[in-house]
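Participant: I'll drop the sequence and a predicted model, then ask my questions.
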Protein chains: 2
Amino acid sequence: MATKEEIDRAQHVIEEVGLFAREASKSLATAASSAKNNTLILLAKLLEENKDAIKAANELDLQKGAEKGLSAAFLDRLRISDKVLKQMQDGLIQIASLPEPVGQILNLRPQPSGIQVGQMRVPLGVIGIIYESRPNVTIDAAALCLKSGNAVILRGGSDALNSNQELGKILQRALIENGLPENAVQVIKDPDRAIVGAMITCRKYIDVIVPRGGKSLISRLMNEATVPMIKHLDGICHTYVDSSADLELAWKVCDNAKTQRYSPCNTMETLLVNAKCAEAFLPKMAKIYTDKGVELRCDPAAKKLLENHGFYNIKDATEEDWYTEYLAPILSIKIVDTFDDAVNHINKYGSKHTDAIITQDLSSEWRFLREVDSSSVMVNTSTRFADGFEYGLGAEIGISNDKLHARGPVGLDGLTSVKYIVLGHGEIRQ
Amino acid sequence: MATKEEIDRAQHVIEEVGLFAREASKSLATAASSAKNNTLILLAKLLEENKDAIKAANELDLQKGAEKGLSAAFLDRLRISDKVLKQMQDGLIQIASLPEPVGQILNLRPQPSGIQVGQMRVPLGVIGIIYESRPNVTIDAAALCLKSGNAVILRGGSDALNSNQELGKILQRALIENGLPENAVQVIKDPDRAIVGAMITCRKYIDVIVPRGGKSLISRLMNEATVPMIKHLDGICHTYVDSSADLELAWKVCDNAKTQRYSPCNTMETLLVNAKCAEAFLPKMAKIYTDKGVELRCDPAAKKLLENHGFYNIKDATEEDWYTEYLAPILSIKIVDTFDDAVNHINKYGSKHTDAIITQDLSSEWRFLREVDSSSVMVNTSTRFADGFEYGLGAEIGISNDKLHARGPVGLDGLTSVKYIVLGHGEIRQ
């Protein structure tokens, strides 16, 4: 627990940083597209030119981390390797090449009174990013915020402090050289934990918080935040194989949804199979999974069916399993009697992230699309497609399973808002 | 202050009501358009048929209110007159005739992988409406929530309790007769104030709160709410008369923006005039206002100019005036030296509601549209047009000056969200 003094000090720090960010956001909101894109391109160049300084700062963090006894996996995420540096540069060039989101005018239509009413896409203002010790987020998140015309306050994990400070210096140089306000991007120097608490309650200066990190970080923030957040907590994704499914298609898609990668949030965690096709579908499916080393946790019906086909290492799924995001080669499987049972299971145990149906039946397709209350609902394809790039958004700052504002993969548009514009010619209200 | 016991009891009440609403919202989300519209039409009929019972219940509230010494204006808002009843009925028929918002599919486009990605409009889920003692809100708000497929929890002012209960009974009858869940609309019976506190923190069952009422109600709610709100606090609306303005147009529009009605939130409260056209513009404008009894509060330059033209009853505008929403025949006036001064004044003192420029200059138009950070930005027309009906939304539940989710006038779309839908044909992620 932070002391009263720590909390006061953190609030003071964030008020100052926030005021600077608010000021910067004003000129950034109407900055020329070319200035923003040139900043991103210069930044890619500066990352190359300052490689040694970046790596030296990162080395300092890595040494401290090793001394502290941080895990190898943790240190691996902390490391700015040549590959990571290259990915940052590629990302910058790619974001620079995306169409300008700010100032776009939508739906401009004349109304009976004679006025024309439309909407203009505008930045949100100031975005706070709270993330763990992955220094690449510093560059990626700053680039998306800058492109969308938002000032950003970056608060990375304290174990990446030196790396982030070095990247922050380079970011501000690129901004200044392109005539943009240096406070458009601010990297918090203060490692104090109370800073996070101050950020997520600073409604005066921060318009939205985007947390990047694990479930424990995000659920902690959710309990205290009064600033709106763009976030998702879990990805408990389902695939439901309907009685009318094309089985060849189902085997291929269900394999991909689980085994293409185990750790992403859009990987399938529960497979639901209609009882009518379970006998024809499940044994071959189970063979595909077990050949790849996936542990299967089944309800009694699925377990019995698979045991009848010679699978003897099937575990029992507990109530807890249906609520679990494994992020690992583990899959829970349930046989459902009806379409409704499948939808009810998903709406009850799912996390409103991404859920798919495999079906050849038009009514099942339509009902699934309408009745499953998730941010992405899919037909005859892999949940692994729930991704800003695959959806054609060009970039992704995260995935939201909330309902207000952004929902699903969040690209540049999710970092903007629309205001109404009204073009008149002297009309008056009667 | 509520006691611990009162708070616990209120939370218990809201948890129960919330659970019922959540259940109802599930079937409502996919209810047939015809069932929803028929409910609205039947409701209009039932209001007529049950006129006597409604008026008797309302009379009880009016008597209690009179005994309590409530003001005549308060009792007037509380009264369900024939006119108010007719307006409710007309509103219902009009909402029934609007296009169906739920299930609409937007932007369905093929992606390089072969999947088609689009969005489907879906209800938010459960909406809580907190309002003062205007029983017509019970019907209007319920109708908008029902049409947009949301379950609604209505919590009106305690002085309208009998009226709202009577209307609630009729609402539930109309729902049941059309096969819709009766808990789609629930009118809270409990007059306890702690109920409001429980509603605005019940994130488990309530997806969004729409407060309808005065500034004091809303600012009180804002401090405690953890459920997202669709709301606006003030309408401090500006009109800026640019140096290039067509003065005939300016006189007409500025007259309308202030004097067409004094109490709406989109009425102009501050007039900004460029110094270059102040001499030509202000005296005639001031005459229009003073002839209609509008009190003028001016900065020193405007005051001096008007006094030179024989206006002797001009008051000095204080710093406080620039922040004030008068909702009355009072207008503050300031002469600004430059376009930038005007924009800076609006962004500093305004409430991000609605602001207009009067200009014939294309650069001024474009800069004003981009640089003024308000939910509605207008050119050459009256701020009074900031309204859901005038914007072609067909209905309005309120106006939002927030940035996330809905911004500006909020119609049926503002009570919905969009989820991603992905139509595949066996595609897998590479």
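Facilitator: Yep, that arrived.
Participant: chain center to stretch A:384-403, what's the gap?
Facilitator: Here stretch A:384-403 is found 7 Å from its chain centre; the criterion is C-alpha atoms, centre = their mean, to the nearest Å.
Participant: what distance separates the start and the end of stretch A:153-167?
Facilitator: Counting by C-alpha to C-alpha, to the nearest Å, you get 13 Å between the two ends of stretch A:153-167.
Participant: pLDDT of it, averaged?
Facilitator: Here stretch A:153-167 scores 96 as its mean pLDDT.
Participant: got phi/psi on A:Leu423?
Facilitator: Per-residue torsions, A:Leu423: phi -100, psi 120 (degrees, to the nearest 10).
Participant: so it sits against A:Gly114, correct?
Facilitator: No. Counting by C-beta atoms under 8 Å, A:Gly114 is not a contact partner of A:Leu423; they are 9.9 Å apart. (Each C-beta comes from the backbone N, C-alpha and C, glycine too.)
Participant: so between the two, which is more surrounded?
Facilitator: Neighbour totals were compared for A:Leu423 and A:Gly114, and A:Leu423 leads with 19 against 14 (other C-beta atoms under 10 Å in any protein chain shown).
Participant: quick check: beta-bridge partners of that one?
Facilitator: A:Gln116, B:Val379 (DSSP bridges).
Participant: list the contacts for it?
Facilitator: A:Leu108, A:Ile115, A:Gln116, A:Gly118, B:Met378, B:Val379, B:Asn380, B:Thr381 (C-beta atoms under 8 Å, 6 or more residues apart in numbering or on different chains).
Participant: contact partners for the residue nearest to the last one when sequence neighbours are not counted?
Facilitator: Leaving aside its chain neighbours, B:Thr381 sits nearest to A:Gly424 (2.5 Å; criterion: C-beta to C-beta, 6 or more residues apart in numbering or on different chains). With contact set as C-beta under 8 Å, 6+ apart, A:Gly424 has these partners: A:Gly114, A:Ile115, A:Gln116, B:Val253, B:Met378, B:Val379, B:Asn380, B:Thr381, B:Ser382, B:Phe385.
Participant: just the buried residues out of these, in ChimeraX syntax.
Facilitator: Burial among these is assessed by 16 or more other C-beta atoms under 10 Å in any protein chain shown; the matching ChimeraX selection reads:
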select /A:115,116 /B:253,378,379,380,381,382,385
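Participant: next one: the helix or strand containing A:Ile93 to chain centre, how far?
Facilitator: Using DSSP states H and E, A:Ile93 maps to helix A:82-96. In terms of C-alpha atoms, centre = their mean, the centre of helix A:82-96 is found 18 Å from the chain centre.
Participant: do it and chain B come into contact?
Facilitator: No. Applying C-beta under 8 Å from any C-beta of the partner chain, one finds helix A:82-96 separated from chain B by no less than 14.8 Å.
Participant: and that helix, what other elements does it pack with?
Facilitator: Applying 3 or more C-beta pairs under 8 Å, 6 or more residues apart in numbering or on different chains; DSSP states H and E, we find helix A:82-96 packed against helix A:33-49, helix A:136-147.
Participant: go through those and name the closest to chain B.
Facilitator: For the helices and strands packed on helix A:82-96, the distance to chain B is smallest for helix A:33-49, at 12.4 Å, taking C-beta to the nearest C-beta.
Participant: what helices or strands is the following helix or strand past that closest one leaning on?
Facilitator: Toward the C-terminus, helix A:33-49 is succeeded by helix A:51-68 as the next helix or strand (DSSP H and E). Judged by 3+ C-beta pairs under 8 Å, 6+ apart, the packing partners of helix A:51-68 are helix A:72-78, helix A:161-177.
Participant: could you give me the buried positions within helix A:51-68?
Facilitator: A:Ile54, A:Lys55, A:Ala57, A:Asn58, A:Asp61, A:Leu62, A:Gly65.
Participant: ok, stretch A:255-264 next?
Facilitator: A:Asp255, A:Asn256, A:Ala257, A:Lys258, A:Thr259, A:Gln260, A:Pro264.
Participant: those residues in helices, which ones?
Facilitator: A:Asp255, A:Asn256, A:Ala257, A:Lys258, A:Thr259 (DSSP state H).
Participant: so which of the residues you listed also contact chain B?
Facilitator: A:Asp255, A:Asn256.
Participant: pick the one among the ones in helices among the buried residues of stretch A:255-264 closest to chain B.
Facilitator: Chain B lies nearest to A:Asn256 out of these, by C-beta to the nearest C-beta, at 3.7 Å.
Participant: helix/strand/coil for the spatially closest residue to that closest one that is not a sequence neighbour?
Facilitator: If the residues on either side of it in the chain are set aside, A:Asn256 comes closest to B:Ile428, at 3.7 Å by C-beta to C-beta, 6+ apart. Three-state call for B:Ile428 (DSSP: H, G, I helix; E, B strand; the rest coil): coil.
Participant: what's the burial count for B:Ile428?
Facilitator: Residues near B:Ile428, counting by other C-beta under 10 Å: 19.
Participant: measure it to B:Asn38 for me?
Facilitator: 45 Å (C-beta to C-beta, to the nearest Å).
Participant: circling back to that earlier point, and the angle for the helix holding A:Ile93 with helix A:161-177?
Facilitator: 30 degrees (axes from the mean of the first three to the mean of the last three C-alpha atoms, to 10 degrees).
Participant: summarise which helices and strands the next helix-or-strand element following helix A:82-96 is packed against.
Facilitator: Where DSSP H and E defines the elements, the next helix or strand beyond helix A:82-96 is strand A:105-110. Judged by 3+ C-beta pairs under 8 Å, 6+ apart, the packing partners of strand A:105-110 are strand A:116-123, strand A:416-423.
Participant: partners of strand A:105-110 in the sheet?
Facilitator: strand A:116-123 (antiparallel).
Participant: quick check, the helix or strand just after the partner strand touching chain B?
Facilitator: Where DSSP H and E defines the elements, the next helix or strand beyond strand A:116-123 is strand A:126-131. No. Between strand A:126-131 and chain B, judged by C-beta under 8 Å from any C-beta, nothing touches; the nearest distance is 10.6 Å.
Participant: now strand A:126-131 - C-alpha only, PDB.
Facilitator: Output of strand A:126-131 as PDB, limited to C-alpha atoms (Å, rounded to 0.1, in the frame of the first residue of the first chain):
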ATOM      1  CA  VAL A 126      -4.600  12.500 -24.100                       C
ATOM      2  CA  ILE A 127      -4.000   8.700 -23.800                       C
ATOM      3  CA  GLY A 128      -2.300   7.000 -20.900                       C
ATOM      4  CA  ILE A 129      -0.600   3.700 -21.600                       C
ATOM      5  CA  ILE A 130       0.300   1.400 -18.700                       C
ATOM      6  CA  TYR A 131       2.400  -1.600 -19.600                       C
END
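Participant: what average pLDDT does that strand get?
Facilitator: Regarding strand A:126-131, the rounded mean pLDDT is 95.
Participant: got the angle for it vs helix A:136-147?
Facilitator: 170 degrees.
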